[in-house]
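Engineer: requesting a structural model of the entry that follows:
(2 chains)
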Number of protein chains: 2
Amino acid sequence: MTNTDEGKVTSASQGATVDDAVFGAVCAKADAAAAAQQLLSRANTEAKNELLDAIADALDARADEISGANELDMIESREAGMDAGKLDRLLFDVPRVAAAAQGVRHVATLPDPIGEIVRGYNLPNGLRLQQRRVPLGVIGMIYEARPNVTVDVASLCLKSGNAAILRGGHAAQRTNAATLGIVRDVLADHGFDPALVDTVDEYGRAGATAMMEARGHIDVLVPRGGAGLIQAVVRNSKVPVIETGAGNVHIYVDRSADLDKAIPIILNAKTQRVGVCNAAEKLLIHRDVAAEYLPAIASALVQAGVELHADEAAYGIIGSAGIEGANLLAATENDWDTEYLALKLGVKVVDSLDEAIAHIAAHSTGHTESIIAEDYSAIEEFTSRVDSAVVMVNASTRFTDGGVFGFGAELGISTQKMHARGPMGLREMTTTKWVGYGMGQVRR
Amino acid sequence: MTNTDEGKVTSASQGATVDDAVFGAVCAKADAAAAAQQLLSRANTEAKNELLDAIADALDARADEISGANELDMIESREAGMDAGKLDRLLFDVPRVAAAAQGVRHVATLPDPIGEIVRGYNLPNGLRLQQRRVPLGVIGMIYEARPNVTVDVASLCLKSGNAAILRGGHAAQRTNAATLGIVRDVLADHGFDPALVDTVDEYGRAGATAMMEARGHIDVLVPRGGAGLIQAVVRNSKVPVIETGAGNVHIYVDRSADLDKAIPIILNAKTQRVGVCNAAEKLLIHRDVAAEYLPAIASALVQAGVELHADEAAYGIIGSAGIEGANLLAATENDWDTEYLALKLGVKVVDSLDEAIAHIAAHSTGHTESIIAEDYSAIEEFTSRVDSAVVMVNASTRFTDGGVFGFGAELGISTQKMHARGPMGLREMTTTKWVGYGMGQVRR
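Structural biologist: Numbers count the residues shown, from 1 in each chain, chains lettered A, B, ... in the order given. Alright, predicted model coming up:
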């Protein structure tokens, strides 16, 4: 920290300040990463895959170091009163390290996007033009205490020819340091610059603030974590950001829906895993089938322990159905914009497909929505008019996932429209470069 | 304007303030544009092309209205002391309106990117997954007094299914208002909502500031104009920005270069049109050929009226060549980072290909660079290691242009890596949406 105000720059509307010395140190790390990335960007796929396999082997061989560091992080966080869910995400014991190592080996098997010719054609003057896929450069990642993300991001960045600057959160600091130490050892052993994967954890929050200011040093910043973290980065970053995550996910049951498809899909979307961004949060049902379908749907949800927040019409139908053990509440306006991330589901009866689409437009976070229907035109309308990253038809919203989509692993799920939309895999971590091969052509 | 401080929000580090009333009005326009865009996004290509042809016809038929408004803008700007170059860009007389109308007809003939299946495959569980190209939504454009941009952007946005919110600068306000009035009349006549193309010019600078704050209302903001304008938008916008424009463009003459290719390419890149972003600004030449090639290259440039800013070695060679009328200056460090946009060229002798690449990495704006060489490996190294939007081989840098690339027209030239890189045509004005067709699939 400097002792004068000279080193402080007011950043964005929240009035966050960036420490001059920390900013300089973070930029120096990013610049070293960029220089190293220039070499990595030309490494062939074989060399990158061998590197990843070696990282996986080293993680397995030195898993005790990581789990030992993690035990200290766990103790500190437990003493600080961290809740059980977060403690579980923080846990990085030997089996979890082994699973992460296996993930790295899987990334090694994925196709390399670098070098792909996206478009290529000759201009009328004979200039041979090619649009090639190249790495983005230096990817900054700001995330919360989930040590497996450190391994995922490092492997995805290296495979796609990118460098990574990580801010992994205070709670996992020892775990991440041990993990990165191993990754960097392997990089050095294989003739790569360890600067390719670096952390700014030692600077605490000031490190994250500096990353957001480091335009021209970091090419893209990806926040991953709670809505508060993501919004803070989106609002304050001068570096281009890819917004990820929040999912106020809707399922619409059309009047043409097949109930035998609807019940398992709704149940799966809500309960197969709670607290994830692709879990269903809202159920919209067409008035024509509400009285017939809602009691059966609600009964299945209640049996799975789901609390229902129902609008007036849905409350009336479910309330009169006499479902044993039902936890039924009257929904408030606030419910429609809430991502519960819990065993809760908002339920609303709509008069039409149009009303369902309008409700989604007004309240969705643009992550994933699903329609349950058999009517062709209703499905065409829904899929073309709902403006979300993923629209499912007669399928669970839980499929919105880089692994499920066949990307092998994911950096996150983009809910913005620029650059990438939906699950982000290796291809989404690239940009393009145009190369024109001429024989002396000049412009007339 | 409000009378209290309540309506003012401090925005970003420059301390710009956004007026509450203006912000509300701009968001209302953007929201109306978004609602109208939902319908446009489903319009078929035929309907969009008919609309564009009708706009072109109306521009021709009512060109007098536009040129009349433009005369008033020209008088005011001339009286305000606008320089000749800017006055020429501001001029929008009947022949220029006709040329712009012809551009709209050309956009109508371009392939429609909307609906393209970017990827599509079945998941192992049978879910049919498709990644489709869809419009971005509401595109905000902040540009300086160039009335033809108003027509270009409107036609590109409509063809690609997007809405446009424009801030065209004070100097062209009457011209833009007349142009937009015609476009909006045609929209209404063809059953489209005129809200699809709107301006915030009536709010002056406060309108531009409000656009930068309108995250969630405007999907992407594209600044087009001088470096000052672009940097102000990049630094202050909360809306995702596509950075365009600045080109500190390099030509590297390798020791394997063919002088008969080098001279016409350098001359073309520097002088075919001055003051554009794809014009060459720097010449790097390998030491092994500098003494032989530089006198001939310099002589050609001097004949074309180019002032040379040479480093010590180049100064020595060119100075001793005794070129008649040579305007030769010693380059300062500042030269290497300057985009002259004038008949000036920085000239530097480098010891190696590596030094050329390192110099470009340190000083380029990432727009376009060109290598003149016959050596295969030097070309491979240069094209793979130079990290710019476009890398030319034995060809003029002036080819970096949406029209030349076959895009028909361009929104601008992106010098950033996210979303789009290089000339931005219709495809670059889209995002994608995933649609999954299932038969009841749930996640295990």
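
Engineer: is chain B within reach of whichever helix in chain A runs longest?
Structural biologist: Determined from DSSP state H, the single longest helix within chain A is helix A:20-40. Yes - contact of helix A:20-40 with chain B is found when judged by CB under 8 Å from any CB of the partner chain, involving A:Gln38. From N, CA and C alone the C-beta is placed, and that goes for glycine too.

Engineer: contacts for that helix, please.
Structural biologist: A:1-2, A:6-9, A:48, A:135, A:137-138, A:140, A:158, A:161-165, A:192-193, A:195-198, A:200, A:203, A:206-207, A:209-211, A:213-214, A:217-218, B:361, B:385, B:387 (CB atoms under 8 Å, 6 or more residues apart in numbering or on different chains).

Engineer: rounded mean pLDDT for stretch A:41-60, please.
Structural biologist: Averaged over stretch A:41-60, pLDDT sits at 97.

Engineer: tell me the buried residues in it?
Structural biologist: Of all the residues in stretch A:41-60, those buried under the rule 16 or more other CB atoms under 10 Å in any protein chain shown are A:41, A:43, A:45, A:48-49, A:51-56, A:58-60.

Engineer: please apply the same query to stretch A:58-73.
Structural biologist: Under 16+ other CB under 10 Å, the buried positions of stretch A:58-73 are A:58-60, A:62-63, A:66-67, A:69-70, A:73.

Engineer: could you dump those residues into JSON lines with secondary structure and distance to B:Asp185 added?
Structural biologist: Output for the buried residues of stretch A:58-73, formatted as JSON lines (DSSP: H, G, I helix; E, B strand; the rest coil; distance: CB to CB, whole Å):
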{"residue": "A:Ala58", "secondary structure": "helix", "distance to B:Asp185": "68"}
{"residue": "A:Leu59", "secondary structure": "helix", "distance to B:Asp185": "66"}
{"residue": "A:Asp60", "secondary structure": "helix", "distance to B:Asp185": "70"}
{"residue": "A:Arg62", "secondary structure": "coil", "distance to B:Asp185": "71"}
{"residue": "A:Ala63", "secondary structure": "helix", "distance to B:Asp185": "70"}
{"residue": "A:Ile66", "secondary structure": "helix", "distance to B:Asp185": "67"}
{"residue": "A:Ser67", "secondary structure": "helix", "distance to B:Asp185": "70"}
{"residue": "A:Ala69", "secondary structure": "helix", "distance to B:Asp185": "68"}
{"residue": "A:Asn70", "secondary structure": "helix", "distance to B:Asp185": "67"}
{"residue": "A:Asp73", "secondary structure": "helix", "distance to B:Asp185": "65"}
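
Engineer: would you list those residues in TSV and tack on distance to B:Gly247?
Structural biologist: Output for those, formatted as TSV (distance: CB to CB, whole Å):
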residue	distance to B:Gly247
A:Ala58	44
A:Leu59	45
A:Asp60	49
A:Arg62	48
A:Ala63	50
A:Ile66	47
A:Ser67	52
A:Ala69	48
A:Asn70	49
A:Asp73	48
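
Engineer: contact residues of the stretch 151-300 of chain A facing chain B?
Structural biologist: A:215, A:219-220, A:234-235, A:238, A:240-242, A:258, A:260-261, A:264-265, A:267-269, A:272.

Engineer: among these, name the buried ones.
Structural biologist: Buried among these by 16+ other CB under 10 Å: A:219-220, A:234, A:238, A:240-242, A:258, A:261, A:265, A:267-269, A:272.

Engineer: strands - which of the contacts of helix A:20-40 land there?
Structural biologist: A:8-9, A:135, A:138, A:140, A:163-165, A:197-198 (DSSP state E).

Engineer: which of these sits closest to chain B?
Structural biologist: A:Val9 (6.9 Å; CB to the nearest CB).

Engineer: for the helix or strand containing A:Leu267, list the C-alpha coordinates in CSV.
Structural biologist: Using DSSP states H and E, A:Leu267 sits in helix A:259-271. Provided in CSV are the C-alpha atoms of helix A:259-271 (Å, rounded to 0.1, in the frame of the first residue of the first chain):
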residue,chain,number,x,y,z
LEU,A,259,-48.5,-35.0,-18.9
ASP,A,260,-46.4,-38.1,-18.9
LYS,A,261,-43.5,-36.1,-20.3
ALA,A,262,-44.2,-33.0,-18.2
ILE,A,263,-44.0,-34.6,-14.7
PRO,A,264,-40.6,-36.3,-15.0
ILE,A,265,-39.1,-33.2,-16.8
ILE,A,266,-40.3,-30.8,-14.2
LEU,A,267,-39.2,-33.0,-11.3
ASN,A,268,-35.8,-33.6,-12.9
ALA,A,269,-35.3,-29.9,-13.7
LYS,A,270,-36.2,-28.8,-10.1
THR,A,271,-34.8,-31.6,-8.0
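
Engineer: A:Gly438 looks like it's in a strand, true?
Structural biologist: Yes - per DSSP: H, G, I helix; E, B strand; the rest coil, A:Gly438 lies within a strand segment.

Engineer: disregarding residues adjacent in the polypeptide, which is nearest to it?
Structural biologist: Using CB to CB, 6 or more residues apart in numbering or on different chains and skipping residues adjacent in sequence, the residue nearest A:Gly438 is B:Ala395, 2.9 Å away.

Engineer: who's in contact with that neighbour?
Structural biologist: A:127, A:436-442, B:265, B:370.

Engineer: among those, name the buried ones.
Structural biologist: For these, buried by 16+ other CB under 10 Å: A:127, A:436-438, A:440-442, B:265, B:370.

Engineer: quick one: which two of those are the most distant?
Structural biologist: A:Tyr437 and A:Val442 (14.7 Å; CB to CB).

Engineer: as a check, name the ranges of all helices in chain A.
Structural biologist: Going by DSSP H, chain A shows helices at A:20-40, A:45-61, A:63-79, A:84-90, A:94-109, A:147-159, A:173-189, A:204-213, A:227-236, A:259-271, A:287-303, A:312-320, A:353-363, A:376-385.
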